[in-house]
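1. Using only what follows, build the 3D model:
(one chain, ligands or ions: 1)
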Amino acid sequence: MPADFADRTDFDNAERGLIARLEPGVIRRADGRVVYDIDKFGQAVQGECPDTVHPSLWRQGQLTAIQGLYEVTGGIYQVRGADLSNITLVESDHGVIVIDPLISAECAAAALALYRAHRGDRPVTAVIYTHSHIDHFGGVLGVVDADTSVPIIAPEHFMEHAVSENVYAGSAMLRRGMYYGGAALRPGPHGTIGMGLGPRGSTGSVGLIAPTVDIIKTGQEEVIDGVRVVFQITPGTEAPAEMNFFFPAQRALCLAENATHNLHNLLTLRGAQVRDPRIWSRYIAETVELFGDDADVAFASHHWPTWGQDNIRTFLSQQRDLYAYLHDQTLRLLNLGYTGAEAAEVIAVPPALEAAWHTHGYYGSVSHNVKAIYQRYLGWYDGNPAHLWLHPPQAAAERYARLAGGADQLVARAREFLDEGDLRFAAELASHAVFADPESAEAKDVLAQTLQRLGYGAENATWRNCFLMGARELRDGIAPTGLTASSGMAGALTVTQLFDTIAIRIDGPRAAGTALSVLWHFTDRDEHYLMELSNGVLIHHPTRHAPQADLTVTLTHPQLLALLATGSVEGIETSGDQSVLGTLMSLTDEPDPNFAIVTP
Ligand SMILES: [Zn+2]
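-> Numbering: from 1, shown residues only. Have a look, this model is predicted:
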């Protein structure tokens, strides 16, 4: 039972309560650079679906392009389409509570200004972060100052997860994120149709203010400037620190990002740790139990709200069943001996769920989520020893070329599969051809054509972006990015996290013959850390004695940040062997923000 294109409920809900558009839908930095352009995205998805876009994705693209200030219910407003995520505004006794201030300060400020133009110049009385992902806190400095005294409310362990998820593997995630977000693609029939979860992410100023109020348990109630809120914590769902909450007076339920109008990711294509669909489903069931009888509207930090108790129950129970179904069926099959790839091929969501638009994989997909569940339980190895020690891509490619009778023959075979429409195998063969002979324009052309056609056929927005980014880089090369991972959040890292970021850049083979030690004394927190380099490894641990070290460094946490960011030693005192820090830094590597993906 396919979903019904004639059903316009989602469009009606996406436009319900419109107060005003953001006009123009272009948000700029102080220096004029555009950080967000929803108008360009909206124009790119107008009209009939072109034959280069999956019709279901085209529909989702049109829905996510809808932008403006909306009344959710009396006293609760949302600005949608001002970033990848939604900002929600809840009117309180003396002002307005902000839920999830978008990715960039510029976007959050523009959204707040649009709200104030229509609802009065209300001061911000509190900020709530629903969870620890950057599209829900990064723009906080657009709604309050860094030294604000208003409460900042978040689920417990928020800070730990907000900074840790993107730190250690940050550069790789950033580069892979360019693919899944379609960073270099123009919106439109031949480019990106957004991310399914929303349009695109903004590229303005990112910041973070640490929470001052922790939500630690379900049932916890807070009265925030006269507004009563009942919380449900949902750790380990869409984010490791996340929460839903209910406004009893407004009869409104905030679902954070636990239930949105798509099948979400259990493992994003930019890379992450696998989420737990079992827990996710159970928390949605608990949400229905806790608030299902009282909520007249449910809204989230992506997509449009759902109104009406019956509709909310249906929506939540289908979302609940969706994650549970993928989990249970994957486990059933893997216990029958299916590998992830095999299970992904045979699992389809049941017809009644498939008939609902919000279960479709615009962001997550059944295919990659099932493989993620396999990975969560059993890991990368599929159990077949023939796959235990495979050659890496380039070495394998050379052998495939030999098998085909030369690299040219391999390209020719790939083109045959492309012509037959077996795009999946054409991609596999053409990728071997590119890795066997990276200089071959013919090989790159066949692979680019194949990936382009895969992109045009994909219902999933992030799959489309990945395929089309691959095609683009094969044709035009890599467009270098000046971005670096998590630079806006370094100030929130602990000493251990900062030292770890040095340790994971040590070039092990080069450092293997060097031994050194540093005692770090932080005067602003009266802590000592002993750091030692031995066997190509840089370890550290807090110490309560003051052991002998080659070098002793006396400093503050901000001075460590400055040292790591710019090499500044201002205000830092040292005693002992002054060459130690220079030696240490000479043994580190710089991450490559532009590493090759579709070529060796
Ligand atoms: Zn989000």
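
2. what residue ranges in the stretch 301-450 of the chain score low on pLDDT?
-> Of all residues in the stretch 301-450 of the chain, none has pLDDT under 70.

3. Just the closest residue of the stretch 101-250 of the chain to the ion, please.
-> At 4.2 Å from the ion, Asp135 is the closest residue in the stretch 101-250 of the chain, using Cβ to the ion. Where C-beta positions appear, they are placed from N, C-alpha and C, glycine not excepted.

4. For the spatially closest residue to that residue that is not a sequence neighbour, grab the count of nearby residues.
-> Spatial nearest neighbour of Asp135, excluding adjacent residues (Cβ to Cβ, 6 or more residues apart in numbering): Ser85 at 4.1 Å. When neighbours are counted by other Cβ atoms under 10 Å, Ser85 registers 30.

5. just Ala395 next, same as before
-> Ala395, neighbours per other Cβ under 10 Å, totals 11.

6. element containing Glu222?
-> In the assignment (DSSP states H and E), Glu222 maps to strand 221-224.

7. which residues sit in contact with the residue of the stretch 451-600 of the chain found nearest the ion?
-> At 13.1 Å from the ion, Thr462 is the closest residue in the stretch 451-600 of the chain, using Cβ to the ion. Thr462 makes contact with Tyr180, Gly181, Met195, Gly196, Thr268, Leu269, Tyr363 under the criterion Cβ atoms under 8 Å, 6 or more residues apart in numbering.

8. What residue in the stretch 351-500 of the chain comes nearest to the ion?
-> Counting by Cβ to the ion, the stretch 351-500 of the chain gets nearest the ion through Tyr363, at 9.6 Å.

9. lowest-pLDDT helix or strand in the chain?
-> Ranking every helix and strand in the chain by mean pLDDT, DSSP states H and E puts helix 158-164 at the bottom, with a mean of 88.

10. quick one: average confidence on the helix or strand that comes right after it?
-> The element immediately downstream of helix 158-164 (helix or strand, assigned by DSSP H and E) is helix 170-181. On average, the pLDDT along helix 170-181 is 93.

11. quick one: helix 170-181 to chain centroid distance?
-> 9 Å (Cα atoms, centre = their mean, to the nearest Å).

12. same check, this time on stretch 85-105
-> 21 Å.

13. end to end, how far does it reach?
-> Counting by Cα to Cα, to the nearest Å, you get 13 Å between the two ends of stretch 85-105.

14. pLDDT on it, on average?
-> Here the average pLDDT along stretch 85-105 is 98.

15. Mind listing what's buried along it?
-> Buried positions in stretch 85-105, judged by neighbour count with 16 or more other Cβ atoms under 10 Å: 85-92, 95-105.

16. helix or strand for Gly364, which one?
-> Per DSSP H and E, there is no helix or strand for Gly364.

17. ok, back up a step: tell me the mean pLDDT over the following helix or strand past the strand holding Glu222?
-> Going down the chain from strand 221-224, the next helix or strand is strand 227-233, by DSSP H and E. Regarding strand 227-233, the rounded mean pLDDT is 98.

18. contact partners of strand 227-233?
-> By Cβ under 8 Å, 6+ apart, strand 227-233 touches 90-93, 97, 155-156, 215-223, 242-249, 283, 286-287, 290-291.

19. Please apply the same query to stretch 168-177.
-> 166, 183, 269-272, 481, 483-486, 500-501, 504, 591-595, 597.

20. Just these: which are in helices?
-> Residues of the contacts of stretch 168-177 located in helices (DSSP state H): Asp500, Thr501.

21. Now for the closest residue to Glu160 other than its chain neighbours, how many residues are close by?
-> With Cβ to Cβ, 6+ apart as the criterion, Glu160 has its nearest non-adjacent residue at 7.5 Å, and that residue is Ala241. Ala241 has 27 neighbouring residues, counting by other Cβ under 10 Å.

22. so who does Ala241 touch?
-> His131, Ser132, Ala154, Pro155, Glu156, His157, Phe158, Glu160, His161, Ala162, Pro235.

23. Quick one: the residues you listed as CSV, columns for distance to the ion too.
-> Output for these, formatted as CSV (distance: Cβ to the ion, whole Å):
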residue, distance to the ion
His131, 8
Ser132, 10
Ala154, 14
Pro155, 14
Glu156, 19
His157, 18
Phe158, 14
Glu160, 18
His161, 13
Ala162, 12
Pro235, 16
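
24. And these, which of them are buried?
-> His131, Ser132, Ala154, Pro155, His157, Phe158, His161, Ala162, Pro235.

25. Which strand residues bridge Tyr77?
-> Note on Tyr77: beta-bridge partners by DSSP bridges are Glu71, Leu89.

26. before we move on, back to that, buried members of the contacts of Thr462 into PyMOL, please.
-> Remark: buried members of the contacts of Thr462, expressed as a PyMOL selection using 16+ other Cβ under 10 Å:
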select buried, resi 180+181+195+196+268+269+363
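
27. just the helices in the stretch 51-200 of the chain please.
-> For the stretch 51-200 of the chain, the helices defined by DSSP state H, counting those that start in this stretch cover 55-64, 105-119, 158-164, 170-181.

28. Which helix runs longest in the protein?
-> Ranking each helix of the chain by length (DSSP H) puts helix 309-334 first.

29. That helix: which residues count as buried?
-> 309, 312-313, 315-316, 318-327, 329-330, 333-334.

30. ok, now stretch 231-251?
-> Judged by neighbour count using 16+ other Cβ under 10 Å, the buried positions of stretch 231-251 are 231-247, 250.
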